[in-house]
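Undergrad: can you look at this prediction? I've put the sequence above it.
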Amino acid sequence: MAFEKFNLTGKTALITGAAGLLGVEHAAALLESGATVVLTDTSDMALNAACKTLAQDFDQAKIITYVMDVSQLEGIRSVAESLWSTNIRIDILVNNAAIDPKVKGDQGVLETSRLENFSLEQWNLQVAVGLTGAFLCSQVFGTAMAKDGKGGLILNIASDLSVFSPDQRLYRKDGLADDLQPVKPVTYSVIKAGLVGLTRYLATYWSDKGVRSNALSPGGVFNGQGDVFVQRLSSLIPLGRMAQRDEYRAAVQFLCSDASRYMNGQNIVVDGGRSTW
Ligand SMILES: NC(=O)c1ccc[n+]([C@@H]2O[C@H](COP(=O)([O-])OP(=O)(O)OC[C@H]3O[C@@H](n4cnc5c(N)ncnc54)[C@H](O)[C@@H]3O)[C@@H](O)[C@H]2O)c1
């Protein structure tokens with residue numbers, strides 16, 4: 001049966017940043033395929049809300065939550081120990097957590113998103129979550145996948161900005177001088193390209209242990225952004241619109257299951273065709 005290859009019954013997937021916009025969708029995708037999910041994020045309250053949302057459509061017994069900061073190795077290890085102590089093996093790791101500061105451009109005197117003004121503190125913070133966090137989670141959970149001979153799958157959530165540079169014209173605000181215009185920060189491009197590098201590294205590192213690694217690079221999801229931005233971005237996308245939040249579910253199901261079992265070390269770009277223009 002064709003769809004049998006997508007069946008994740010009996011598998012457990014841990015998702016980082018799972019209480020956010022796409023984290024909940026990744027969880028829904030994996031629950032739809034029969035997996036148990038471990039939702040992790042930094043806030044108990046946000047995790048409870050995510051769990052409540054998912055429990056409307058899926059069996060709550062298949063949803064586990066843990067507060068876990070991906071930038072803190074000890075915290076990741078203690079979540080792993082707690083899972084293992086109850087015989088829960090992580091078969092799938094979805095590195096999804098990120099700090100994605102919204103591009104606002106209302107600073108007035110100093111636009112801190114601009115490269116010239118971008119603080120080392122913000123650089124370190126964002127890299128610690130979006131890139132180092134993926135490394136640390138892969139180190140803890142990937143090592144365990146490789147060790148017991150059963151293998152597993154690591155999915156890194158990158159972005160269409162892993163394959164091209166941000167078009168800063170999208171974020172321009174009327175009436176602001178050039179040096180006050182907000183931009184997509186440099187960290188975003190660096191982190192997302194770095195995740196693709198991590199994906200390739202992991203894909204070969206544990207390939208003999210049955211651990212595959214791939215990246216998913218989504219395009220922008222519509223989430224109530226202003227009309228001007230949406231119109232500008234849509235005009236850069238051959239399909240003429242931003243993504244709906246549930247339009248990456250099928251890609252997650254494919255990449256996290258045996259349906260993709262011969263795919264390893266790839267970056268799948270799902271962007272309405274933006275990167276082809
Ligand atoms: N939304 C989009 O349009 C879009 C497009 C392309 C790629 N992405 C990527 O998809 C992923 C999810 O994006 P989203 O839109 O759901 O963002 P989001 O901000 O809604 O979710 C990110 C989650 O990460 C969590 N997080 C932040 N710091 C953390 C830490 N230290 N430890 C653990 N979790 C932490 C946040 O609490 C949040 O719940 C991100 O990697 C993002 O870059 C999103």
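TA: Alright, I've got the coordinates. This is a predicted model, so every value here is computed, not measured.
Undergrad: mind listing what the closest residue in space to Ser257 that isn't next to it in sequence touches?
TA: Closest residue to Ser257 apart from its sequence neighbours, by C-beta to C-beta, 6 or more residues apart in numbering: Phe6 at 4.7 Å. C-beta here means a position set from N, CA and C on the backbone, and glycine is covered the same way. By C-beta atoms under 8 Å, 6 or more residues apart in numbering, Phe6 lies in contact with Ser33, Gln253, Phe254, Ser257, Asp258, Ala259.
Undergrad: and with 7 Å instead?
TA: With contacts defined as C-beta atoms under 7 Å, 6 or more residues apart in numbering, Phe6 is in contact with Ser33, Gln253, Ser257, Ala259.
Undergrad: could these go into TSV alongside distance to the ligand?
TA: TSV is the format used below for the contacts of Phe6 (distance: C-beta to the nearest ligand atom, whole Å):
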residue	distance to the ligand
Ser33	19
Gln253	16
Ser257	20
Ala259	21
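Undergrad: gap between the one residue in the chain that gets nearest to the ligand and Ala144?
TA: At 2.0 Å from the ligand, Gly20 is the closest residue in the chain, using C-beta to the nearest ligand atom. For Gly20, the distance to Ala144 equals 25 Å [C-beta to C-beta, to the nearest Å].
Undergrad: I figured Ala215 was touching Val196, is that so?
TA: Yes - between Ala215 and Val196 a contact is recorded at 5.3 Å, counting by C-beta atoms under 7 Å.
Undergrad: okay, those two: which has more neighbours?
TA: A count of neighbours by other C-beta atoms under 10 Å puts Ala215 above the other of Ala215 and Val196, at 28 against 20.
Undergrad: what about the strand or helix carrying the more buried one and the ligand, touching?
TA: Taking DSSP states H and E as the definition, one finds Ala215 inside strand 211-218. Yes - among the residues of strand 211-218, Pro218 lie within reach of the ligand under C-beta under 6 Å from any ligand atom.
Undergrad: the next helix or strand after that strand packs against which elements?
TA: Going down the chain from strand 211-218, the next helix or strand is helix 227-234, by DSSP H and E. With contacts defined as 3 or more C-beta pairs under 7 Å, 6 or more residues apart in numbering; DSSP states H and E, helix 227-234 has no helix or strand neighbours.
Undergrad: what does helix 227-234 contact?
TA: Leu170, Gly220, Phe222, Gly240, Arg241, Met242.
Undergrad: considering only those, which also neighbour the ligand?
TA: Answer for the contacts of helix 227-234 near the ligand (C-beta under 6 Å from any ligand atom): Gly220.
Undergrad: weed out the non-buried ones from the contacts of helix 227-234.
TA: Leu170, Gly220, Met242 (16 or more other C-beta atoms under 10 Å).
Undergrad: could you dump those residues to JSON lines with pLDDT and distance to Arg274?
TA: Compiled in JSON lines, those are given as follows (pLDDT from 0 to 100; distance: C-beta to C-beta, whole Å):
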{"residue": "Leu170", "pLDDT": "97", "distance to Arg274": "11"}
{"residue": "Gly220", "pLDDT": "98", "distance to Arg274": "8"}
{"residue": "Met242", "pLDDT": "98", "distance to Arg274": "10"}
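Undergrad: check which helix or strand Tyr23 maps to.
TA: Not quite, residue 23 is Gly, not Tyr. helix 21-32.
Undergrad: one step back: just the contacts of Phe6 now: which is nearest Val127?
TA: Nearest to Val127 among the contacts of Phe6, counting by C-beta to C-beta, is Gln253 at 29.6 Å.
Undergrad: the closest one: how many residues sit nearby?
TA: What Gln253 shows, counting by other C-beta under 10 Å, is a neighbour count of 21.
Undergrad: now swap in Leu198 and tell me
TA: So Leu198, with other C-beta under 10 Å, has 20 neighbours.
Undergrad: the residue nearest to Ser257 and Cys256, how far apart?
TA: 9 Å.
Undergrad: shared neighbours of the two, anything?
TA: With C-beta under 7 Å, 6+ apart as the test, Phe6 and Cys256 reach no residue in common.
Undergrad: can you give me the strands for the stretch 101-250 of the chain?
TA: 152-157, 211-218 (DSSP state E, counting those that start in this stretch).
Undergrad: make JSON lines out of the ones you listed and add distance to Ala2 and mean pLDDT.
TA: Shown next, in JSON lines, are these (distance: least, C-beta to C-beta, whole Å; pLDDT from 0 to 100):
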{"stretch": "strand 152-157", "distance to Ala2": "19", "mean pLDDT": "99"}
{"stretch": "strand 211-218", "distance to Ala2": "20", "mean pLDDT": "98"}
